[in-house]
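Asks: Take a look and give me a structure for this.
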Amino acid sequence: LKLVEQRHGIKVDIYNLPAQDPKTYKLLSEGHTFGVFQLGSSGMTRYLKELKPETIFDIMAMIALYRPGPLQFIPDFIARKHNPKLITYLDPALEKILARSYGILVYQDDLLQMAHDLAGYTWEELDKFRKAVGKKIPEEMAKQKETFINGCVSHSKWPLKKAQELWNWIEPFAAYGFNKAHSASYGRVAYQTAYMKANYPAEYMSAVLTAESGDVDKISEIVHECENMKIKVLPPDINESYKGFTYIDNKTIRFGLYTIKNFGSDIGDAIINEREANGHFKSITDLLDRIKHKNLNKKSMDALIKSGCFDEFEERGKLIGNMEEMLAYNHEGSKHMIKLIVNAPTGEQQILNIGEGGNYFDSTRVIWDERNDGKLPDVITLGKMKRNGKALDTLPDYLPEHAAFLAAVQTRIDQQTKKSQLDTDTKIDS
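Replies: Numbers count the residues shown, from 1 in each chain. Next up, the predicted model:
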């Protein structure tokens, strides 16, 4: 409800919805009941498609009947709804009690009304009758049988045979009677949830996903339902995801930051609060500069990268490869430093420290620079390079002033080459 108000400026009064919303009943009749309160099971969905409910009373009756015992009466209930000629009553007096359930005894309350109206039970006697039916005590039901039949004969002037026939019809009901107040409450919530799904599908499914976020199997089912509804459920995004599953538009939902495995809520809150205060993160560098939190660590960064939060910035493999450098930069805030291990002409590995402006620093951190918007240059070919002991043909790092940096690196390599060649010539001459 809050989401609908935030996104559309519409304050839905959930307690005063239109009673005959066409979209809601169309949704139920077509079987799109997944995620709808009390109506989402496959069996219930099948029966609703056959029933094609048109009123809240249809929904209430289905909730009361869809249980062991009364389940057997659902086909008859559906048939009577579509063909009123099948509706019959043992006595016209029963019509006002059973009309809304098409002559089917569905609720315990209707049984009590029969006892009151037809058998002349007092309110005190009705309470005893209710307890006998509710607790299903055979001895008590035997006593009530005599009282009920005699009451119909004396109060309604029925023949004994007819009174016995009515009792024989209602007696099995004692095994499954459902309270009408319960059914009305469940039916109302069922209608409310169906209404929201029918009229605000993406917002509703976002809320359903968030409510079930701890159940992996359930989430999988809900995502499949979203696909059936033509709603995309995308991975989390550092600039779009909020705590729970996040409504983006009428056709898109994103996983929320709280749904990421091995990612704490406190660092999630820090990211959301910073983004709300100062706008979207422009690059991975921007995020590392702005989020200074104790729990922005290897575990949380790994979770963010692998879940796809940074996909708009860079490839996941490159980010994972630079994990330590990113965290070192974030924690210490040092910029414009790099350390390369290159193959010298002699075949030996040499450490090459390059810094901005030709300065050399003893640092293992990668260079980060906002002037490149935190984007990785396409390819930097400097022969066979090694980083962390692994040979690379390209340098998968963030570099400042691409051309200037390349020139500085090449100059440094040339210096090393000349020095090595000079040392070799000197040894030959000697």
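Asks: What are the boundaries of the helices in the stretch 101-250 of the chain?
Replies: For the stretch 101-250 of the chain, applying DSSP state H, counting those that start in this stretch gives helices covering 108-117, 123-135, 138-155, 160-170, 180-199, 201-211, 216-228.
Asks: which one is residue 288 nearest to, not counting chain neighbours?
Replies: Excluding the flanking residues, the one nearest residue 288 by C-beta to C-beta, 6 or more residues apart in numbering is residue 330, at 4.3 Å. Backbone N, C-alpha and C define where each C-beta goes, glycine included.
Asks: now the helices of the stretch 101-250 of the chain in JSON lines, with distance to residue 88 and mean neighbour count?
Replies: Listed next are the helices of the stretch 101-250 of the chain as JSON lines, based on distance: least, C-beta to C-beta, whole Å; neighbours: other C-beta atoms under 10 Å:
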{"stretch": "helix 108-117", "distance to residue 88": "16", "mean neighbour count": "20"}
{"stretch": "helix 123-135", "distance to residue 88": "24", "mean neighbour count": "15"}
{"stretch": "helix 138-155", "distance to residue 88": "18", "mean neighbour count": "16"}
{"stretch": "helix 160-170", "distance to residue 88": "11", "mean neighbour count": "15"}
{"stretch": "helix 180-199", "distance to residue 88": "22", "mean neighbour count": "20"}
{"stretch": "helix 201-211", "distance to residue 88": "41", "mean neighbour count": "22"}
{"stretch": "helix 216-228", "distance to residue 88": "40", "mean neighbour count": "15"}
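Asks: With distance to residue 283 and mean pLDDT as added columns, please give the ones you listed in CSV.
Replies: Shown next, in CSV, are the helices of the stretch 101-250 of the chain (distance: least, C-beta to C-beta, whole Å; pLDDT from 0 to 100):
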stretch, distance to residue 283, mean pLDDT
helix 108-117, 65, 92
helix 123-135, 66, 85
helix 138-155, 76, 90
helix 160-170, 73, 92
helix 180-199, 38, 95
helix 201-211, 28, 92
helix 216-228, 30, 89
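Asks: what would the ones you listed look like in TSV with distance to residue 30?
Replies: Converted to TSV, these look like this (distance: least, C-beta to C-beta, whole Å):
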stretch	distance to residue 30
helix 108-117	30
helix 123-135	37
helix 138-155	42
helix 160-170	35
helix 180-199	10
helix 201-211	13
helix 216-228	11
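Asks: Compare the ones you listed and give me the one nearest residue 271.
Replies: Shortest distance between residue 271 and those, using C-beta to C-beta, is found for helix 201-211: 17.6 Å.
Asks: Show me where the protein has its strands.
Replies: 232-234, 246-249, 252-254, 337-343, 349-355, 385-387, 390-392 (DSSP state E).
Asks: mean pLDDT lowest for which of those?
Replies: Note on the strands of the chain: strand 390-392 shows the lowest mean pLDDT, a mean of 34.
Asks: any idea which residue sits dead centre in the chain?
Replies: residue 209 (1.2 Å; C-alpha atoms, centre = their mean).
Asks: can I assume that residue is in contact with residue 234?
Replies: No: in this structure residue 209 lies outside contact range of residue 234 using C-beta atoms under 8 Å: 11.9 Å.
Asks: shared neighbours, those two?
Replies: Each of residue 253 lies in contact with both residue 209 and residue 234 under the rule C-beta atoms under 8 Å, 6 or more residues apart in numbering.
Asks: Now tell me which helix or strand of the chain has the poorest mean pLDDT.
Replies: Within the chain, confidence by mean pLDDT, DSSP states H and E is lowest for strand 390-392 among all helices and strands, at a mean of 34.
Asks: how many other residues sit next to the nearest residue to residue 313 once chain neighbours are set aside?
Replies: Distances taken as C-beta to C-beta, 6+ apart place residue 284 nearest to residue 313, at 4.8 Å, with adjacent residues excluded. Using other C-beta atoms under 10 Å, residue 284 is surrounded by 26 other residues.
Asks: ok, now how distant is residue 284 from residue 275?
Replies: 14 Å (C-beta to C-beta, to the nearest Å).
Asks: So what touches stretch 228-240?
Replies: 32, 201-202, 205, 209, 223, 226-227, 245-246, 248, 250-257, 259-260, 271, 275, 280-281, 287, 304, 307-313.
Asks: Could you turn the buried ones of these into a PyMOL selection?
Replies: Buried subset of those, written as a PyMOL selection, criterion 16 or more other C-beta atoms under 10 Å:
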select buried, resi 32+201+202+205+209+223+226+245+246+248+252+253+254+255+256+257+259+260+271+275+281+287+304+307+308+309+310+311+313
